[in-house]
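# Predicted model follows, preceded by the sequence.
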Amino acid sequence: MDFNEMVGRLVVVDKSEEKIMSSDNIEIYQAIKVFKNKIKCNRCGKVTTKERAKLPYDNYYCPKCIVLGRVSTLNNLVHVIEDNHFNKVDEILTWDGKLSKFQEVCSNELINIIGKNTEHLLWAVTGAGKTEMLFKPIAEALRKKFRVAIASPRVDVCNELYPRLDKAFKEIDKILLHGRSEEVYRYTQLVVCTTHQLLKFKEAFDVLIIDEVDAFPYVNNKELLFATKQAIKKTGTLIYLTATPSNELAKKIKRGNISISYLPMRFHQNALPTIKVEFTNNWWGFILQGKLDTK
């Protein structure tokens with residue numbers, strides 16, 4: 001197995017593979033911890049009854065994260081400590097666009113938290129240009145030799161983000177990871193992936209950005225929240241992106257547990273229209289006549 005495949009990762013290996021245990025940088029964990037009536041998966045953090053997780057010969061597997069490949073008591077999880085070994089590039093940011101003055105404020109706030117052990121929310125309306133506001137903060141992180149990941153709950157969002165980031169950071173080695181991606185994993189400084197793919201990482205990222213943090217299946221998903229905490233370094237910067245903060249994020253904001261950048265307007269800087277509610281009591285009658293009420 002290539003050593004780089006295990007850097008910052010949780011790689012499932014057969015317990016019989018002794019040859020991987022020769023380096024000081026390698027950490028080895030039980031894949032499945034067995035209790036009296038239950039088992040706990042150390043990849044996804046989920047607890048399952050022994051009855052549901054049973055395999056022959058008193059072995060057990062985790063049914064919760066089997067979509068990522070089976071992990072069982074026959075396996076270990078191997079992790080090589082992230083050492084941020086990246087090649088120097090001449091030009092990091094190859095994007096030549098311009099931000100509005102309001103976007104610039106949010107972008108600078110993000111730059112200021114890069115490298116700090118903190119959580120930050122970029123709360124901006126749909127169409128505000130959240131991706132463009134990330135370019136300079138990501139460039140700052142890459143300049144510091146940090147490893148960066150942008151994760152989204154949705155495959156289509158990842159597929160949309162990747163070419164934009166590829167164009168903005170042409171010289172930076174990067175990879176796109178999701179269940180339908182064809183590229184084989186390799187060690188890169190910039191990663192775009194689905195939030196489920198974070199289950200395969202451990203303390204890998206100095207900066208982790210979660211896009212559409214309000215979207216299914218991420219919101220209120222304990223498994224994916226576990227994956228997020230596991231994938232980021234203990235000293236890492238965690239950034240959330242959303243147009244509609246969840247109740248949990250709203251509570252964090254209210255308690256002052258998370259810093260925030262807020263942009264309530266789109267790039268054209270016009271205010272969003274205010275919705276007005278109008279009452280009409282005979283709308284069905286109009287529809288039966290093939291008409292619409294003027295309201």
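Perfect, I can see it now.

# Go through stretch 194-206 and flag the buried ones.
By neighbour count on 16 or more other C-beta atoms under 10 Å, the buried set for stretch 194-206 is 194-206. Where you see a C-beta, it was placed from the backbone N, CA and C, and this is true even at glycine.

# Now, these that are in strands?
194, 205-206 (DSSP state E).

# Of these, which is the nearest to Leu68?
Using C-beta to C-beta, Thr194 is the member of those that lies nearest Leu68, at 10.7 Å.

# Could you measure from the residue nearest to that closest one when sequence neighbours are not counted over to Cys65?
The spatial neighbour of Thr194 that comes closest, neighbours along the chain excluded (C-beta to C-beta, 6 or more residues apart in numbering), is His178 at 4.4 Å. From His178 over to Cys65 the distance is 15 Å, taken as C-beta to C-beta, to the nearest Å.

# same check, this time on Thr195
Going from Thr195 to Cys65 by C-beta to C-beta gives 12 Å.

# For the residue nearest to Thr194, give me its contacts.
With contacts defined as C-beta atoms under 8 Å, 6 or more residues apart in numbering, His178 is in contact with 155, 158-159, 193-194, 196-197.

# same thing with Lys234?
Under the contact definition (C-beta under 8 Å, 6+ apart), the residues listed for Lys234 are 117, 203.

# And it, which helix or strand is it part of?
Using DSSP states H and E, the element containing Lys234 is strand 232-242.

# what's around Tyr162, how many residues?
Per other C-beta atoms under 10 Å, the neighbour tally for Tyr162 reads 20.

# hang on, it packs against Cys193?
No: taking contact to mean C-beta atoms under 8 Å, the distance of 9.6 Å between Tyr162 and Cys193 leaves them out of contact.

# if I look at these two, which residues touch both of them?
Shared contacts of Tyr162 and Cys193, defined by C-beta under 8 Å, 6+ apart, are found at Leu176.

# on that earlier part again, make CSV out of the buried residues of stretch 194-206 and add distance to Asn257.
What follows is the buried residues of stretch 194-206, written out as CSV (distance: C-beta to C-beta, whole Å):
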residue, distance to Asn257
Thr194, 26
Thr195, 21
His196, 26
Gln197, 27
Leu198, 21
Leu199, 25
Lys200, 28
Phe201, 24
Lys202, 24
Glu203, 22
Ala204, 24
Phe205, 21
Asp206, 21
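
# which ones are touching the closest residue to Lys46 other than its chain neighbours?
Nearest in space to Lys46, with sequence neighbours left out and distances taken as C-beta to C-beta, 6+ apart, is Lys64 at 3.9 Å. Taking C-beta under 8 Å, 6+ apart as the criterion, Lys64 is in contact with 41, 44, 46, 48, 223.

# Please compute how far stretch 189-197 lies from its chain's middle.
From the chain centre to the centre of stretch 189-197 is a distance of 6 Å (C-alpha atoms, centre = their mean, to the nearest Å).

# try stretch 131-149
The chain centre lies 15 Å from the centre of stretch 131-149; the measure is C-alpha atoms, centre = their mean.

# Could you check that stretch and say which residues are buried?
Burial within stretch 131-149, assessed by neighbour count using 16+ other C-beta under 10 Å, is assigned to 131-142, 146-149.

# Give me the mean pLDDT for it.
Rounded to a whole number, the mean pLDDT of stretch 131-149 is 96.

# Run through the neighbouring helices and strands of the helix or strand of the chain with the lowest mean pLDDT.
In the chain, the helix or strand scored least confidently by mean pLDDT, DSSP states H and E is helix 247-255, which has a mean of 85. Contact here means 3 or more C-beta pairs under 8 Å, 6 or more residues apart in numbering; DSSP states H and E; on that basis helix 247-255 packs against strand 119-124.
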